[in-house]
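[1] 3D model of this:
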Amino acid sequence: MVVTTKERVDVGPERIVDNAQVEISSSQKEQLTESIFCRRAYKSTQEFQAAITRNEHILQRARAMSEEHVVWESLINLGIAWASHRFTKAGNYFQEASTLARNFQAPATFAYSLNQLGNWLTEAERPLEGIRLHQHALTLYQDVKDQHGIAMALFGLGNAFAALGRVNQAALYYRQGSVSFRAVNDRVGLILTLSMRSACGTQYWSHITRGASQDLAQRVLEGEEALFSAQEIGWRSGEALAFINLGLALSFSGQYGRALKDVHSGLQIATEIEYPDWQTLANLVLGAILLDLLSLDRGALPLVWRFHVQLRQINRQQRKYRQCDRHYVEARRLVDRLANTISDSDLRENFLCRAGGMITGPSEMRGDRRAFGGLTKREYEVSTLIALRQSNQEMADQLGVGKHYVEKHFASILAKLGLNSRAQVAAWVMNRQLANSSKRR
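    Model prediction:
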């Protein structure tokens with residue numbers, strides 16, 4: 001039987017039914033991959049309602065004519081259409097399609113149904129059930145040697161294991177999926193798997209997630225390939241996702257400045273194309289990166305410099321002062337290197353202040369204040385520039401910080417020294433320098 005109706009559903013690919021099998025062309029497979037991972041975005045409520053009405057009309061006619069394969073296709077497409085509007089209803093359609101396909105003499109069709117339902121279960125926070133269905137689908141696809149179906153099942157398994165926080169297994173399935181998508185020349189599927197793999201192990205929001213064993217540099221390269229490919233084929237939603245996931249990978253490699261820039265680019269594209277899922281993801285990632293920069297005492301990243309801080313404290317307790325100094329120097333070097341990647345001066349200054357507070361222990365901080373007359377090192381730097389009659393803006397430019405940070409330091413200087421004006425601060429600096437000169441003599 002061949003489906004010839006002109007009232008084709010417009011959500012997902014067209015299918016040609018032949019000998020109870022559903023064959024899909026290479027271009028349609030790319031559309032299919034996109035529809036599985038990315039919910040259909042409609043420009044208006046009217047467009048969505050029109051699509052639903054059309055699909056339901058086809059479903060009713062197919063039921064009346066007992067065209068089971070058209071019924072199955074309509075159920076799948078209705079599930080995809082409803083996924084962004086009424087999630088539970090979408091699941092009901094996928095479940096009915098899976099039950100129907102079980103009776104077909106078409107393993108690939110049943111496997112596709114299982115994949116769709118598995119994806120829905122993963123998004124419904126039931127990834128263990130999703131894994132079971134994806135594994136069943138993978139076996140069916142392997143039996144009929146459907147390479148594209150195998151790729152989609154592997155991708156679904158990657159998503160499900162990532163949702164569980166088992167990122168090493170997720171990364172493995174994404175890698176296998178990318179090989180399969182490459183083999184069938186499905187660029188959309190390849191972009192998705194590379195992009196998701198690049199973000200493996202970088203879930204700030206999961207306390208149970210452990211970093212994948214793959215190298216950070218390789219993770220970034222895969223993210224860059226996904227981004228380049230999405231831009232090359234003009235796939236805007238894929239480009240937005242690639243930017244966001246690449247930003248995650250970059251942040252975990254310590255490239256904060258570029259990470260923030262890329263995630264902002266992803267957010268801008270998602271906003272332009274009105275894609276709320278990626279807008280939400282971008283804002284979540286931006287918040288996580290900023291949290292790591294601004295709240296280092298409970299930050300999400302166990303970067304190398306933090307280990308040096310901990311090792312320094314251990315060596316200090318064991319009175320191994322030479323090792324203690326070595327870890328201090330290395331931690332400071334890494335922090336300065338990370339700070340240089342941050343273009344925003346306010347973020348950079350805040351990062352340096354907070355990281356410096358973690359690296360420098362209480363005894364050193366008290367020693368610094370004694371050395372600088374009760375001020376911190378940064379406050380003393382500001383006071384000496386005040387003595388040179390520099391304006392707040394000139395000091396900000398020289399120190400590489402925001403103007404309001406200079407103003408905060410100035411207020412702190414006045415409070416600590418009990419002074420009331422810049423002239424008094426300048427006089428205090430000059431008197432201190434004269435006293436230090438006398439001591440050297």
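[2] From now on I want contacts and neighbour counts done on CA atoms only, so please keep to that.
    Noted.
[3] can you pull the contacts of T193?
    Counting by C-alpha atoms under 8 Å, 6 or more residues apart in numbering, T193 touches 155, 174-175, 177-178.
[4] Apply 7 Å and report the result again.
    T193 sits next to 155, 174, 177-178 when contact means C-alpha atoms under 7 Å, 6 or more residues apart in numbering.
[5] Just send the residues you listed back as CSV, with secondary structure too.
    Output for these, formatted as CSV (DSSP: H, G, I helix; E, B strand; the rest coil):
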residue, secondary structure
F155, helix
Y174, helix
G177, helix
S178, helix
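[6] can you list those residues in CSV and add distance to L250, pLDDT and neighbour count?
    Formatted as CSV, the contacts of T193 follow (distance: C-alpha to C-alpha, whole Å; pLDDT from 0 to 100; neighbours: other C-alpha atoms under 10 Å):
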residue, distance to L250, pLDDT, neighbour count
F155, 23, 94, 32
Y174, 19, 93, 30
G177, 23, 94, 29
S178, 21, 93, 24
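[7] tell me which of those is nearest to L260?
    L260 lies nearest to Y174 out of the contacts of T193, by C-alpha to C-alpha, at 24.8 Å.
[8] Tell me which helix or strand N431 sits in.
    helix 422-440 (DSSP states H and E).
[9] roughly how far apart are S343 and T109?
    The gap separating S343 from T109 is 51 Å, by C-alpha to C-alpha, to the nearest Å.
[10] who's more crowded, these two?
    Neighbours of S343 and T109, each counted by other C-alpha atoms under 10 Å, are more numerous for T109; the result is 26 against 14.
[11] what's the strand or helix carrying that one packed up against?
    T109 belongs to helix 107-123 when elements are defined using DSSP H and E. In this structure, helix 107-123 packs against helix 87-101, helix 127-143, helix 147-163, with contacts taken as 3 or more C-alpha pairs under 7 Å, 6 or more residues apart in numbering; DSSP states H and E.
[12] To V71, which of these lies closest?
    Here helix 87-101 is closest among the helices and strands packed on helix 107-123 (C-alpha to C-alpha), at 8.1 Å.
[13] got the angle for the closest one vs helix 107-123?
    Angle, helix 87-101 to helix 107-123, by axes from the mean of the first three to the mean of the last three C-alpha atoms, to 10 degrees: 160 degrees.
[14] Tabulate the CA atom coordinates of helix 87-101 in CSV.
    Coordinates of each C-alpha in helix 87-101 appear next as CSV, following Å, rounded to 0.1, in the frame of the first residue of the first chain:
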residue,chain,number,x,y,z
PHE,A,87,3.5,17.2,27.4
THR,A,88,1.3,14.5,29.0
LYS,A,89,-0.9,14.4,25.9
ALA,A,90,2.2,14.0,23.7
GLY,A,91,3.2,10.9,25.7
ASN,A,92,-0.3,9.4,25.2
TYR,A,93,0.1,9.7,21.5
PHE,A,94,3.6,8.2,21.5
GLN,A,95,2.3,5.3,23.7
GLU,A,96,-0.6,4.6,21.4
ALA,A,97,1.7,4.7,18.3
SER,A,98,4.1,2.2,20.0
THR,A,99,1.3,-0.2,20.9
LEU,A,100,0.0,-0.1,17.3
ALA,A,101,3.5,-0.6,15.7
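[15] who touches it?
    Contacts of helix 87-101 (C-alpha under 7 Å, 6+ apart): 72, 75-76, 78-80, 82-83, 109-110, 113-114, 116-117, 120.
[16] and H308, what pLDDT?
    Per-residue confidence at H308 stands at 70 (pLDDT).
[17] let me redo that: V263
    If you check V263, the pLDDT there is 93.
[18] same thing with I76?
    The model's pLDDT for I76 equals 87.
[19] For it, which non-adjacent residue is closest in space?
    F94 (5.9 Å; C-alpha to C-alpha, 6 or more residues apart in numbering).
[20] For the one you found, give me the pLDDT.
    91.
[21] Kindly report the same for the one 3 residues further on.
    Looking at A97, its pLDDT is 90.
[22] before we move on, back to that, where is pLDDT lowest across the contacts of helix 87-101?
    A83 (79).
[23] Could you chop the protein up by domain?
    1-164, 169-295, 302-360, 365-441 (automatic domain parsing).
[24] remind me which residues of the stretch 1-150 of the chain are low pLDDT?
    Within the stretch 1-150 of the chain, the set of residues satisfying pLDDT under 70 comprises 1-44.
[25] switch the cut-off to 50
    Along the stretch 1-150 of the chain, segments meeting pLDDT under 50 span 1-38.
[26] Could you do the stretch 201-350 of the chain as well?
    Along the stretch 201-350 of the chain, the parts satisfying pLDDT under 50 run over 205-214, 296-302.
[27] Thanks again, I'm all set now.
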